[in-house]
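>>> Sharing a model prediction with you, sequence too.
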Amino acid sequence: MRVRRNAVMWMVAGGVLALGGCALQKKAPTARVLKTEEFVSDPTTMPQEPVLASEIALPAAASAPVVTAATASEGVFDVSARIGKPEDSGEAPKAAGPVQIVDAKVGEINGRPVRVDDVLGELGPRLAASARSKRFSREEWSLLLFPAEPDPNQENKAVRRDEWMDFATKLVALRLNADLENQLLAEEARASLKPEQKQGLKYLVEQATEEERRKAGGSEAEFQRQLREKNLSQRDFEKTRESVMLIGYQLSEKLRKRIRTSWKDVRLYYERNSKVYNPPPVAKFRLIQVPADQAAEIADVQTRLDAGEPFATVARLPINTYGAKDGGKYPDQKFEGEFAAAKFFPGDLNAQAVKLQPGEFTRPPIDFSGKKTWVFLEAIDRRSQPLSDPDVQLTIAMRLDNAAFDAEKRAYIGRLKSRATFSDIEMMSARLAEIAGQRYWPKEP
């Protein structure tokens, strides 16, 4: 009986808990769908319902006709062909504009293309400037007339177009030959490098690039901007630096180290060119001449000279009839042997002049050709350079080293060229000069 009572109590308690749980739960709100107009303050801006293309009524005239396969093939077979020359209207077709070569390949150097803009991009400004001015500098005349020396007056001479074309051809040829030589030397050096030397070269190129970046203020953007101004990329810059280093290494290893100039070579060169190092001395004179019948002027000149007034100052007085504007300067006189035995002036004038020491003048004045003449020995310029002079020895040794180096370089590059492949330099130069002429100095119609 007690067990049943406990069971009933547990059932009642469970029912109360269940009812209590239901009493604690809130009633779920009724779901409501939000509309678009609830988010728009201005009803006139409400989006419109899309209109389907099928709902748009087109006018009858605008409806496209139906094209069938039969309609599309109409006229396809109504074509005839006949053999013969094309009909000529007699008029040549007209070009839309003047012919201008934008870029073109004119040949190859050791497997690398030679393009018009690569060459004229570098040489063009110089050629354009000389074409506009129709004048050459002394350096440009030297290149045009080589090996002859240009006349100094040629700098003011107007240049003809044919002369300008010759100059352009030679300038381009120099550029192409330099490119060929540099490529051959760089590639020969690269092929001879050991693995550790290649790593060292890579490091040096990176250092050169970093140094250039530091010069630009350390800014990568500024560095790249400066390269673009030179029409270069960073890769172009690094390749150029690498090529310069390789060429220097190759010339040093293959040529410079083999050149040895001995003391005997220096002495023999000095003896063969003794006149260059021991030119004739030069005597420098000044003159004052006053007509013999002008006693007051003669006395005035003598008084001034005796008082210590510089001879050149007195010689500039209007009473001097010999080159007063130049202070009585006499042309420089070269002489051989002893000064006392040299011949500078006629007659007694020379006899008195050779007795002078530098800084002295003749006293009293000499009668010469109806004039009282004072002769002043300003200086004796002796330009002798003895072989014992260390500067002379060094100059000769450097001259001999350079001459031997140039000869070795020409022979070495000649051997490299014999193994290389490249287009004819003269033909490429002529073609590039012709294109330069079209751009910078076109023929007159």
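Yep, it's here. Just so it is clear, the model here is predicted, and its values are computed rather than measured.
>>> show me where this structure has strands.
Per DSSP state E, the chain carries strands over the ranges 105-109, 112-115, 282-291, 333-334, 366-368, 371-381.
>>> of all those strands, which lies closest to Leu204?
strand 112-115 (23.5 Å; Cβ to Cβ). In short, each C-beta sits where N, CA and C put it, glycine included.
>>> measure the residue lying closest to Ile413 once chain neighbours are set aside to Lys417 for me?
Nearest non-adjacent residue to Ile413, counting by Cβ to Cβ, 6 or more residues apart in numbering: Glu181, 5.3 Å away. For Glu181, the distance to Lys417 equals 8 Å [Cβ to Cβ, to the nearest Å].
>>> For those two, list the residues in contact with both.
Counting by Cβ atoms under 8 Å, 6 or more residues apart in numbering, Glu181 and Lys417 have no shared contacts at all.
>>> which of those two has more neighbours?
Glu181 (18 against 15; other Cβ atoms under 10 Å).
>>> how much space between the nearest residue to Leu143 once chain neighbours are set aside and Gly414?
In space, Leu143 comes closest to Lys170 once its chain neighbours are excluded; the distance is 5.7 Å by Cβ to Cβ, 6+ apart. Lys170 sits 20 Å away from Gly414, going by Cβ to Cβ.
>>> quick one, which of the two is more surrounded?
Per other Cβ under 10 Å, whichever of Lys170 and Gly414 has more neighbours is Lys170, with 16 against 9.
>>> Verify the stated contact: the more buried one with Leu145.
No. The pair Lys170 / Leu145 is not scored as a contact, 10.1 Å apart, by Cβ atoms under 8 Å.
>>> can you count the residues close to Gly200?
13.
>>> Ok, Arg241 next?
19.
>>> ok, now which ones touch it?
By Cβ under 8 Å, 6+ apart, the residues touching Arg241 are 205, 208-209.
>>> In this structure, spot the helix with the most residues.
helix 161-192 (DSSP state H).
>>> tell me what that helix is packed against?
With contacts defined as 3 or more Cβ pairs under 8 Å, 6 or more residues apart in numbering; DSSP states H and E, helix 161-192 has these neighbours: strand 105-109, strand 112-115, helix 116-133, helix 138-145, helix 234-254, helix 390-419, helix 425-440.
>>> Quick one: mean pLDDT for it?
Averaging pLDDT along helix 161-192 yields 92.
>>> So what's the residue count around Glu408?
Neighbour tally, Glu408, other Cβ under 10 Å: 16.
>>> got the contact list for it?
255, 258-259.
>>> Mark which of those are buried, thanks.
Leu255 (16 or more other Cβ atoms under 10 Å).
>>> Check which residues of stretch 399-412 are buried.
For stretch 399-412, by 16+ other Cβ under 10 Å, it's 400, 404, 408-409, 412.
>>> swap in stretch 253-273?
254-255, 261, 266, 269-270.
>>> can you check stretch 316-327 too?
316-317, 319-320, 322-324, 327.
>>> re earlier: with respect to Ile298, which of the buried residues of stretch 399-412 is nearest?
Nearest to Ile298 among the buried residues of stretch 399-412, with distances taken as Cβ to Cβ, is Leu400, at 58.7 Å.
>>> Please name the nearest non-neighbouring residue to that closest one.
Thr261 (4.6 Å).
>>> Just to check, that neighbour is in contact with Asp401?
Yes. Taking contacts as Cβ under 8 Å, Thr261 lies within contact range of Asp401: 5.4 Å.
>>> List the beta-bridge partners for the closest residue to Phe311 other than its chain neighbours.
Closest residue to Phe311 apart from its sequence neighbours, by Cβ to Cβ, 6+ apart: Phe376 at 4.3 Å. Beta-bridge partners recorded for Phe376 (DSSP bridges): Arg286, Phe361.
>>> For Phe376, grab the count of nearby residues.
25.
>>> so how far is Glu139 from it?
On the measure of Cβ to Cβ, Phe376 and Glu139 end up 41 Å apart.
>>> thought Ala283 was touching Leu377?
Yes. Using Cβ under 8 Å, Ala283 is in contact with Leu377, at 6.8 Å.
>>> Give me the below-cutoff pLDDT ranges for the stretch 1-150 of the chain.
1-82, 84-103 (pLDDT under 70).
>>> residue contacts, the residue nearest to Glu297 when sequence neighbours are not counted?
Leaving aside its chain neighbours, Glu297 sits nearest to Ile319 (4.4 Å; criterion: Cβ to Cβ, 6+ apart). Contacts for Ile319 (Cβ under 8 Å, 6+ apart) come out as 290, 294, 297, 300-301.
>>> Same check on Arg316?
So Arg316 contacts 324-325, 327-328 (Cβ under 8 Å, 6+ apart).
>>> ok, 7 Å please
324, 327 (Cβ atoms under 7 Å, 6 or more residues apart in numbering).
>>> pLDDT score for it?
At Arg316, the model reports a pLDDT of 95.
>>> how much space between it and Thr373?
Distance from Arg316 to Thr373, by Cβ to Cβ: 16 Å.
>>> Tell me the spacing between Lys230 and Glu211.
16 Å.
>>> Then Glu188?
Counting by Cβ to Cβ - Glu188 and Glu211 are separated by 27 Å.
>>> Of these two, which one has the most company?
Comparing Glu188 with Glu211 by other Cβ under 10 Å, the one with more neighbours is Glu188, at 19 against 10.
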